[in-house]
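In: okay, predicted coordinates and the sequence, questions at the end:
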Amino acid sequence: MHQVEILPSILSADFARLGEEVKTVEAAGISMLHVDVMDGHFVPNLTLGPPIVESLRKVTNLKLDVHLMITDPDFFAPVFAKAGAYSISVHQEACRHLDRTLRMIQDLGVKAGVVINPATPVATLTEVLHVVDYVLVMSVNPGFGGQKFIPNSLRKVAQLASLREECGLHYAIEIDGGVSLENLGDIVRAGVDWLVAGSSVFHSVNPGDTVREMQRLAKSATAVAV
Ligand code: DX5
Ligand code: ZN
């Protein structure tokens, strides 16, 4: 049975009350928080930079999972590592020297993840699967919260799960985009370890209770799977 983590994405939180929002989901017993970094070039949106990660680092012990949706991850990964990231993921589509970038992140003492957009096949990762600590499958086109889950992502998750098994590898599988109370069971059964959830958590009436409900659903889905 695999340990499933729910990672609330602060992209959908109220930034004016960020510390408070984080405390609410932290109280539900999560261990990781997802932080979306967008530069207005790789994706058509702007979000936040290293100072926010530094500030979060001071108010919580949660592991900060930093998702870089930017054109220059080589320059910014060290900056986010210094700011207090636990893990940093970079897009396959943004990295000219993907192997080098991933190893550079690990040399900083941070877990390294690779991300693929919905149109990018798992086959593009064959040569780095033995390097990465985790693979993030985008289940929406990156840039915005609140989009609809793309079902084909689950086929990619299943491929990654069987490759992991066949090759004796240990990377975690993460999914990001459109995760809800309705599709969470199917996602967990497909083999996902880390589930990012933004709007379904922070736009709900009680984000803490929503996370607790997600944890309960994840647990019963893994119980069925074994
Ligand atoms: C989208 C971001 C996601 C976003 C997900 O580009 O990478 O992390 O926060 O939001 P929801 O869960 O609302 O789809
Ligand atoms: Zn993300």
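Out: Alright, I've got the coordinates. Ligands and ions are numbered 1, 2, ... in the order given.
In: for this structure, what spans make up the strands?
Out: With strands called from DSSP state E, the chain shows them at 5-8, 32-38, 63-69, 87-91, 111-116, 134-138, 172-176, 194-197.
In: show me the contacts for the residue nearest to residue 79 when sequence neighbours are not counted.
Out: Using CB to CB, 6 or more residues apart in numbering and skipping the chain neighbours, the partner closest in space to residue 79 is residue 50 (5.1 Å). To be clear about C-beta, it is placed using only N, CA and C from the backbone, and glycine gets the same treatment. The contact partners of residue 50, taken as CB atoms under 8 Å, 6 or more residues apart in numbering, are 76, 79-80, 82-83.
In: look up how far residue 142 lies from residue 50.
Out: As judged by CB to CB, to the nearest Å, residue 50 and residue 142 stand 19 Å apart.
In: circling back to that earlier point, among the strands of the chain, which is nearest residue 21?
Out: Nearest to residue 21 among the strands of the chain is strand 5-8; the distance by CB to CB comes to 8.4 Å.
In: so for the closest one, mean pLDDT?
Out: Mean per-residue pLDDT for strand 5-8: 98.
In: give me the residue from the chain nearest ligand 1.
Out: With CB to the nearest ligand atom, the shortest gap between the chain and ligand 1 falls at residue 198, namely 2.9 Å.
In: for the residue in the chain that ligand 2 sits nearest to, give the beta-bridge partners.
Out: Per CB to the ion, residue 67 is where the chain lies closest to ligand 2, at 3.7 Å. Counting by DSSP bridges, residue 67 is bridged to residue 36, residue 89.
In: put the alpha carbons of the helix or strand bottoming out on mean pLDDT in the chain into CSV.
Out: None of the helices or strands of the chain scores lower by mean pLDDT, DSSP states H and E than helix 207-225, at a mean of 92. Extracted C-alpha coordinates of helix 207-225, given in CSV (Å, rounded to 0.1, in the frame of the first residue of the first chain):
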residue,chain,number,x,y,z
PRO,A,207,-10.5,23.9,3.5
GLY,A,208,-9.3,21.9,6.5
ASP,A,209,-12.4,19.6,6.3
THR,A,210,-12.0,19.2,2.6
VAL,A,211,-8.4,18.0,3.0
ARG,A,212,-9.5,15.6,5.8
GLU,A,213,-12.2,14.2,3.4
MET,A,214,-9.6,13.9,0.7
GLN,A,215,-7.3,12.0,3.0
ARG,A,216,-10.1,9.7,4.0
LEU,A,217,-11.0,9.0,0.3
ALA,A,218,-7.4,8.4,-0.5
LYS,A,219,-7.1,5.9,2.3
SER,A,220,-10.1,3.9,1.2
ALA,A,221,-9.0,3.9,-2.4
THR,A,222,-5.6,2.4,-1.5
ALA,A,223,-7.3,-0.1,0.8
VAL,A,224,-9.3,-1.3,-2.3
ALA,A,225,-6.2,-1.4,-4.4
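In: many thanks, have a good one.
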